[in-house]
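Q: how would this look folded up:
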Amino acid sequence: MHVLHLSATGTLGGAERSLLDILASVREAYPEWPLSVIGGTRGRLEEAAAALGAAVQVLPFGSSLARLGEAGRGEAALGTAAFAARLAWSAPSAMRYLTALRDAIDRIRPAVVHTHGLKMHILAAWAVGLSRAGVRPRVVWHVHDYVGNRQTTARLLRWSLRHCDAVVANSASVASDVRAALQPGVPVVPVHNAVDLQRFTPDGARLDLDRLAGLPPAAPGTVRVGLMGTFGRWKGHTVFLDAIARAGSGRDLRAYVIGGALYDTAGSQHTHDELRRYADMRGLSDRVGFTGFVDSPDEAIRALDVVVHASIAPEPFGLVIAEAMACGRAVIASDAGGAREIFTDGVDALAHTPGDADTLAARIVELSGDPDRRDRLGRAGRRTAERRFNRDRLAGQLAPIYHGPLRAAS
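A: Numbering: from 1, shown residues only. Predicted coordinates for the structure are as follows:
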């Protein structure tokens, strides 16, 4: 069975790393299956997917299509009118892309087209609908995000459902949102993201976060607390910085912001300079380091004592939570959305109220002064990751979704 994955971006965010885990799992379970990947922009996904045996090509979106997106979840949304205007401006580019994507799919002739990213769900559905091949592939949308708070995007997705055969959601929370927002007449199946447990381990190399951030080496005994992720406005970076400020300057504590602004969608992200200015305003210039994007998230996690997930809106899944648990690190996570499905508060991680810097600060203080509890949470988190997030299971969960009647082209 030839499976073609379509990714809206080549940058390695959570959805793209999930795609790579799927490739690895399917390659191990079904080595005879041809695998292909088409990306909408260039990035590290190309090399990583090729290393897993996939045939990779980039079909560039172009700048207007790459930047098109309807922000949600507490981000600085464009607004319906502004998004509609941008959508109209991008229409010629989208039509050209549809034609090129249709031709690529007809040339590859996959049995399944598995899409990642809201933009790519819509484009791929219509490209397959325009197919000139005798038999159209089965189309599977892998939804890594909430769609109910994106009114225009949800409307476009509903219009495109006639060319979709199944929806995979990365959590039960997202699956519920998809059912409510789209009311699809196709199966919606929750499949949790996975972690490479051979890479994300308690023991192994650790990054020198101080060097990456341009800070002097921290004193022995310093507790290192970090927030790792893209700079999406809903990821809670300012809440994290507020919590560090409230945790007090007298503690042996150093904080790190790990990651960067990875995506092209207009208005959806903080900038590096913006967050630095915010930290300076809070008096944190000597207590918070900004490392930028790191190629080795496992090595960054192992360099921390406490990993913070601070999303201010419900998280679709929260891959960094599962990865930190796999690395045996103490985790503090926002208690909302798909993240709730990953951990048990007080057992393998600690919960905090989303957007509440006071409760987050209290959790940070609690763990910074209790190394034994950090160790207990870390060991329990590793056991949870081994039991629930091993990526070997992905192929078995996806194969029944992939197998289905192929439809004649209409």
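Q: alpha carbons only for contacts and neighbour counts from here, please
A: OK.
Q: where does the chain dip in pLDDT?
A: Within the chain, the stretches with pLDDT under 70 are 63-64, 66-91, 249-251, 261-268, 405-410.
Q: okay, now the domains of it?
A: When the chain is parsed with automatic domain parsing, its domains come out as 3-194+391-408, 209-388.
Q: Nearest to residue 200, out of the ones you listed?
A: Closest approach to residue 200 among these is made by domain 209-388 (5.2 Å; CA to CA).
Q: distance between the ends of that closest one?
A: 29 Å (CA to CA, to the nearest Å).
Q: start the count at 35, not 1, going forward
A: New numbering, starting at 35: the last item is domain 243-422.
Q: circling back: would a markdown table of the domains of the chain with distance to residue 237 and mean neighbour count be doable?
A: Formatted as a markdown table, the domains of the chain follow (distance: least, CA to CA, whole Å; neighbours: other CA atoms under 10 Å):
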| stretch | distance to residue 237 | mean neighbour count |
| --- | --- | --- |
| domain 37-228+425-442 | 19 | 19 |
| domain 243-422 | 7 | 20 |
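Q: and those domains as CSV, adding distance to residue 236?
A: Listed next are these as CSV, based on distance: least, CA to CA, whole Å:
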stretch, distance to residue 236
domain 37-228+425-442, 17
domain 243-422, 4
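Q: For residue 235, which of the ones you listed is the nearest?
A: Nearest to residue 235, of all the domains of the chain, is domain 243-422, at 4.3 Å by CA to CA.
Q: Strands along the stretch 335-444 of the chain, start to end?
A: Secondary structure of the stretch 335-444 of the chain (DSSP state E, counting those that start in this stretch): strands located at 340-342, 364-368, 384-386, 441-442.
Q: between these, which gets nearest to residue 267?
A: Among the strands of the stretch 335-444 of the chain, the nearest to residue 267 by CA to CA is strand 364-368 (14.9 Å).
Q: hey, C-alpha coordinates of the closest one in CSV?
A: Extracted C-alpha coordinates of strand 364-368, given in CSV (Å, rounded to 0.1, in the frame of the first residue of the first chain):
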residue,chain,number,x,y,z
ALA,A,364,9.3,16.3,36.3
VAL,A,365,6.6,18.0,34.3
ILE,A,366,4.2,20.8,35.1
ALA,A,367,1.4,21.0,32.5
SER,A,368,-1.7,23.1,31.8
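Q: for it, packing partners?
A: On a contact count with 3 or more CA pairs under 8 Å, 6 or more residues apart in numbering; DSSP states H and E, strand 364-368 meets strand 340-342, helix 353-360, strand 384-386, helix 391-402, helix 405-422.
Q: if you set the cut-off to 6 Å instead, what comes out?
A: Helices and strands touching strand 364-368, as assessed by 3 or more CA pairs under 6 Å, 6 or more residues apart in numbering; DSSP states H and E, comprise strand 340-342, strand 384-386, helix 405-422.
Q: I'd like the strands of the stretch 335-444 of the chain laid out as TSV, including distance to residue 277.
A: Shown next, in TSV, are the strands of the stretch 335-444 of the chain (distance: least, CA to CA, whole Å):
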stretch	distance to residue 277
strand 340-342	11
strand 364-368	12
strand 384-386	11
strand 441-442	54
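Q: and residue 73, which of the ones you listed is closest to it?
A: Residue 73 lies closest to strand 441-442 among these, at 25.0 Å (CA to CA).
Q: just the strands in the stretch 85-234 of the chain please.
A: Along the stretch 85-234 of the chain, counting by DSSP E, counting those that start in this stretch, strands occupy 89-92, 146-150, 169-170, 172-177, 200-203, 222-224.
Q: Pipe these into a markdown table and attach distance to residue 324 per row.
A: Formatted as a markdown table, the strands of the stretch 85-234 of the chain follow (distance: least, CA to CA, whole Å):
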| stretch | distance to residue 324 |
| --- | --- |
| strand 89-92 | 31 |
| strand 146-150 | 29 |
| strand 169-170 | 47 |
| strand 172-177 | 30 |
| strand 200-203 | 32 |
| strand 222-224 | 35 |
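Q: What separation do you get for residue 185 and residue 394?
A: Distance from residue 185 to residue 394, by CA to CA: 32 Å.
Q: typo on my end, it should be residue 239
A: Residue 239 is 28 Å from residue 394, by CA to CA.
Q: Counting neighbours, what do you get for residue 232?
A: 8 (other CA atoms under 10 Å).
Q: List phi and psi for it.
A: The phi/psi pair for residue 232 (degrees, to the nearest 10) reads phi -80, psi -20.
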